[in-house]
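1. here is a sequence with its predicted model. Questions after.
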Amino acid sequence: MSLPRKEVDKKLSSLRESAGGEEEGKTLGEKVVKKVLIVGAGFMGSGIAQVSAQAEYQVHLMDIQTAITDRAIKEIRWSLEKLAAKGLLKEPWEKVLARISPEKDLSKAFEVDWIIEAATEAEELKRSLFRELDQISRPDTPLATNTSSIPITRLAQNTLRPERVLGLHFFGPVPLMGLVEVVKGEKTSAIVFERGVAFVQSLGKTPVRVERDIPGFVMNRIFSAALREAVDLVDQGIATAEDVDVGMRLGYGWNAGPFEIADNAGLDTCARVGQTMKALGAGHLAPSSNLIERMVSEGRLGRKAGKGFYRYSSEGKRVPWEKNENR
Ligand code: NAD
């Protein structure tokens, strides 16, 4: 169970004392953490940047192309304007947006107090990012990953600070979803883990503690089991994706069905999660059919591509399929 914020601060201060004051003056409670670097400005990275700016952190948001960070800033602005119109921001949206600087490289890594990697779900890419971030950031900066499925320990292996590497697994769309799994790698120190919990709480999110590092952590193992069955049933023609989603919403009280969730997350990301599960001995949590891979190869990546299990307008609204359209 998650501890309340006060309890986390208490735990942190006793851990600091037992560590001989090594972490003096670095708690999140004291707001010494001011600057955050987010690596990857896609669906998740842009959302994490937005909620961090809303929590008054200075945010550097990096991606490999300026066009991607430009698009991210536009989307964050759209989201902030909507929140402001609903009275859900405590300050003008312009002020929040001004805290986010787009970056085209990792040169800000040394100045920041936290780093969150939210790049494409590919182990080799993440390993090489962790190797580089380890070399160019301050040695005491925690390195967090938003991976959906890759064990933290495998990414930490590429660093000289495995005790400072942890998982912060956000859920999308980040500004709307209240949950973040905080994942302990084999070598993550207790103090860094607690600081991860405190960081999540400082964003107004609820942490779920994952004490042991397994592929898919907790939530994606449970979701993958449901998605595996749903995909296999649809691929065998036993039910449609629409009917499965309606069934899970009305029958089990889910807010969204598995195919709606998969379309929002991106079918390319779902396929990569399935591949990781298979490669790391959790193949029972990946679909036995290759329906998702087939859809990805046809460019049906979900909402972001305008087509996945459902069809979407350019504003991202769900729309009916065209007559005779291949679905
Ligand atoms: P995305 O495809 O929307 O964004 C990934 C971004 O990473 C892209 O913009 C890409 O250009 C960028 N990138 C690639 N290589 C890079 C590099 N070397 N340096 C910096 N940026 C680089 O994917 P996403 O959905 O935002 O997923 C990002 C991470 O978050 C993945 O690990 C994914 O598994 C995880 N995640 C996704 C979801 C979801 O619902 N989509 C939920 C939780 C976690």
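-> That came through, no problem.

2. near the ligand, which residues of this structure show up?
-> Residues of the chain lying near the ligand by CB under 6 Å from any ligand atom: 39-45, 62-64, 68, 118-121, 125, 129, 146-148, 169-172, 265-266, 269. Where you see a C-beta, it was placed from the backbone N, CA and C, and this is true even at glycine.

3. now do stretch 208-228, average pLDDT.
-> Averaging pLDDT along stretch 208-228 yields 96.

4. again with stretch 267-276
-> The average pLDDT within stretch 267-276 is 95.

5. again, but for stretch 301-315
-> 95.

6. what's the answer for stretch 179-195, then?
-> 97.

7. any idea how far apart the tips of it sit?
-> 16 Å (CA to CA, to the nearest Å).

8. then stretch 93-110?
-> 28 Å.

9. buried residues in stretch 148-164, which are they?
-> Buried residues in stretch 148-164, counted by 16 or more other CB atoms under 10 Å: 148-159, 161-164.

10. flag the least confident of those residues.
-> N158 (87).

11. so which of the residues of the chain next to the ligand are in strands?
-> Using DSSP state E, the subset of these located in strands is V39, M62, H169, F170.

12. so which of those is the closest to A230?
-> Nearest to A230 among these is H169, at 21.3 Å by CB to CB.

13. for G316, what are its contacts?
-> For G316, the contact set (CB atoms under 8 Å, 6 or more residues apart in numbering) comprises R303.

14. before we move on, what about E260?
-> Each residue near E260 by CB under 8 Å, 6+ apart is listed here: D245, F309, Y310.

15. same thing but 7 Å
-> D245 (CB atoms under 7 Å, 6 or more residues apart in numbering).

16. could you turn the buried ones of the residues of the chain next to the ligand into a ChimeraX selection?
-> For the buried members of those, the matching ChimeraX selection, counting by 16+ other CB under 10 Å, is:
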select :39,40,41,42,43,44,45,62,63,68,118,119,121,129,146,147,148,169,170,171,172,265,266,269
